[in-house]
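Peer 1: got a predicted structure here, sequence first:
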Amino acid sequence: MTRRARIRTASYITAAIAGLALLAYARSADLNDSRLAAGYSAGRAFEETVTAVDALSAALSKSVYATDGGMCARICSEAYANAQAAESALSVLPFSTQELEQISAFLNVAGDYAYSICGTAAAEGFTRQQLDTLTDMAATAGDLVRSLLELQGGVHGGDVVMDSPALRLQNVRDGRQAENLSERLLAYEAQFEPLAALEYDGKYGCTAEENRGYLTEEAMLELAAQYAGVPASALKEAYAYEGSNGRRCYRTGDLYLCVSRSGVESMAQSRLVGEALIGEEEARTIAEDFLAARGFQDLSLTAAGYNGAVAAMVYSRTENGAVCLDNCVQIAVALDDGSIYSFNAADYCGEKSGVRFLIEEEEAARALPEGLELLDSRRVIRKSPGKRDLACYEFSCADADGRQVQICVDAASGRQCRIDVQREAVPSGEI
């Protein structure tokens with residue numbers, strides 16, 4: 001290599017090293033800015049958690065002084081909003097909050113309970129039982145606030161430091177003797193006393209449907225074999241996981257089945273469906289014959305559609321002329337060979353609800369607002385947030401802009417219990 005070539009090569013190498021150094025410096029500055037932003041975001045999330053839990057405690061404490069329905073409903077709204085804000089802020093902290101299950105559960109239950117009783121509280125005020133529950137929640141929230149405020153003081157004073165993802169990856173501490181926020185929160189979590197199970201009509205309330213079913217594991221296997229149309233020996237466990245209610249999953253060929261102590265919950269094929277060879281009416285007949293042969297009775301077709309060469313249908317139970325919209329079976333038929341492509345009965349229950357329609361439709365219609373055009377009505381049975389059956393009148397209406405509005409009125413109280421509004425009006429002549 002000539003002297004000129006060596007000089008040129010050295011120049012290129014020097015320029016490359018300088019460029020890499022400048023790039024590393026720029027990236028280091030960006031990384032430092034990102035760390036500062038992440039630290040600020042984490043600190044802000046903890047501050048918001050403390051503020052929201054403090055506001056939740058204050059809202060719950062007001063309940064013992066409320067005497068009219070309007071104020072009771074306002075207190076419930078405040079409690080629900082602050083519980084949601086606290087749970088949201090808690091999830092943003094820079095460490096896994098899954099281990100804080102008791103604290104998170106308390107925030108979820110407190111918000112859900114306040115939301116669930118808001119409607120009755122607005123009309124009648126709090127009952128003695130509701131007041132007792134809200135008082136217990138207020139005491140628990142107060143204890144939580146005091147602990148969080150103590151932690152907040154530790155963070156401001158430097159005795160407690162915010163968790164650092166970088167240091168956690170390096171498995172080292174930051175050189176100070178201060179504890180991480182996650183360590184202090186986990187220590188408090190271990191001493192946190194959860195609320196007793198509450199019986200209320202809400203998402204986290206106790207329901208009578210929990211652990212429903214009686215089938216043994218052998219009976220579950222035999223039932224799965226009957227649905228699949230194969231001997232029990234041909235079924236294999238799809239995986240070893242056992243879900244709630246004794247749920248097991250089996251497979252044979254490209255067919256998968258999930259069975260619980262209540263019966264077969266779902267069945268589905270994994271194959272690709274070929275060209276459609278049968279029509280809608282034949283597919284519907286196949287689906288209804290399949291359901292009838294397996295003991296599904298008193299069903300009404302409430303929805304149907306196509307997904308490629310698969311016909312999908314929803315059948316809901318009927319009871320005393322009312323359609324049980326939340327008690328249904330979903331079934332799909334492959335249009336190439338007429339086989340059952342999928343089946344889902346997880347939301348089905350064959351037991352009668354026993355609900356009664358205590359008022360007539362004319363009286364229920366008084367709950368409709370002015371300005372709506374009544375198009376249709378029917379008797380339905382809906383599930384409340386706590387999975388309680390409600391006898392309702394469902395009124396299908398149209399507003400001044402042509403949007404479809406469905407209003408359910410409780411057939412026991414005559415009050416609205418559900419409103420569904422179509423997002424956009426359907427243009428005239430289009431389906």
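Peer 2: It's in.

Peer 1: centre of the chain to stretch 318-329, how far?
Peer 2: Between the centre of stretch 318-329 and the centre of its chain there are 23 Å (C-alpha atoms, centre = their mean, to the nearest Å).

Peer 1: return it as PDB; C-alpha atoms alone will do.
Peer 2: Extracted C-alpha coordinates of stretch 318-329, given in PDB (Å, rounded to 0.1, in the frame of the first residue of the first chain):
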ATOM      1  CA  THR A 318     -87.500 -17.600  25.200                       C
ATOM      2  CA  GLU A 319     -89.500 -17.600  28.500                       C
ATOM      3  CA  ASN A 320     -93.200 -16.900  28.700                       C
ATOM      4  CA  GLY A 321     -93.100 -15.000  25.400                       C
ATOM      5  CA  ALA A 322     -90.000 -12.900  26.400                       C
ATOM      6  CA  VAL A 323     -86.700 -13.200  24.600                       C
ATOM      7  CA  CYS A 324     -83.700 -13.700  27.000                       C
ATOM      8  CA  LEU A 325     -81.200 -11.600  25.000                       C
ATOM      9  CA  ASP A 326     -78.200 -12.300  27.300                       C
ATOM     10  CA  ASN A 327     -79.000 -16.100  27.500                       C
ATOM     11  CA  CYS A 328     -78.000 -17.300  24.100                       C
ATOM     12  CA  VAL A 329     -76.200 -19.900  22.000                       C
END
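
Peer 1: tell me the mean pLDDT for it?
Peer 2: For stretch 318-329, mean pLDDT rounds to 94.

Peer 1: which outside residues touch stretch 248-265?
Peer 2: Contact with stretch 248-265 is made by 212-215, 217, 220-221, 223-224, 227-228, 230, 234-239, 241-247, 266-271, 294, 343-346, as judged by C-beta atoms under 8 Å, 6 or more residues apart in numbering. Using the backbone N, CA and C atoms, a C-beta is placed for each residue, glycine as well.

Peer 1: start to end distance for it?
Peer 2: Terminal residues of stretch 248-265 lie 10 Å apart, using C-alpha to C-alpha, to the nearest Å.

Peer 1: any idea how far Ala232 is from Ala224?
Peer 2: Going from Ala232 to Ala224 by C-beta to C-beta, to the nearest Å gives 8 Å.

Peer 1: compare these two and say which is more crowded by neighbours.
Peer 2: Ala224 (24 against 14; other C-beta atoms under 10 Å).

Peer 1: doesn't Glu237 make contact with the more buried one?
Peer 2: No - Ala224 lies out of contact with Glu237 (C-beta atoms under 8 Å); the separation is 10.5 Å.

Peer 1: backbone dihedrals for Ala332, both of them.
Peer 2: phi -130, psi 140 (degrees, to the nearest 10).

Peer 1: cool, Asp326 as well?
Peer 2: phi -100, psi 10.

Peer 1: hmm, it is touching Lys383, no?
Peer 2: Yes - contact status for Asp326 versus Lys383: in contact at 3.9 Å, counting by C-beta under 8 Å.

Peer 1: tell me, how many residues neighbour the nearest residue to Arg284 once chain neighbours are set aside?
Peer 2: Spatial nearest neighbour of Arg284, chain neighbours left out: Met313 (6.7 Å); criterion: C-beta to C-beta, 6 or more residues apart in numbering. By the criterion of other C-beta under 10 Å, Met313 has 20 neighbours.

Peer 1: what's opposite Met313 in the beta bridge?
Peer 2: Judged by DSSP bridges, the bridge partners of Met313 are Ala304, Ile331.

Peer 1: rewinding a little: and the contacts of stretch 248-265, which of them are buried?
Peer 2: By neighbour count, with 16 or more other C-beta atoms under 10 Å, the contacts of stretch 248-265 hold 215, 220-221, 223-224, 227-228, 235, 245-247, 266-267, 269, 343-345 as buried.

Peer 1: now Leu131: which helix or strand?
Peer 2: Using DSSP states H and E, Leu131 falls within helix 128-157.

Peer 1: all helices of this protein, in order?
Peer 2: 3-61, 69-90, 101-124, 128-157, 165-170, 181-191, 217-228, 280-293, 361-364 (DSSP state H).

Peer 1: tell me what angle the third one forms with helix 181-191.
Peer 2: Read that as helix 101-124. Angle of helix 101-124 versus helix 181-191, following axes from the mean of the first three to the mean of the last three C-alpha atoms, to 10 degrees, is 70 degrees.
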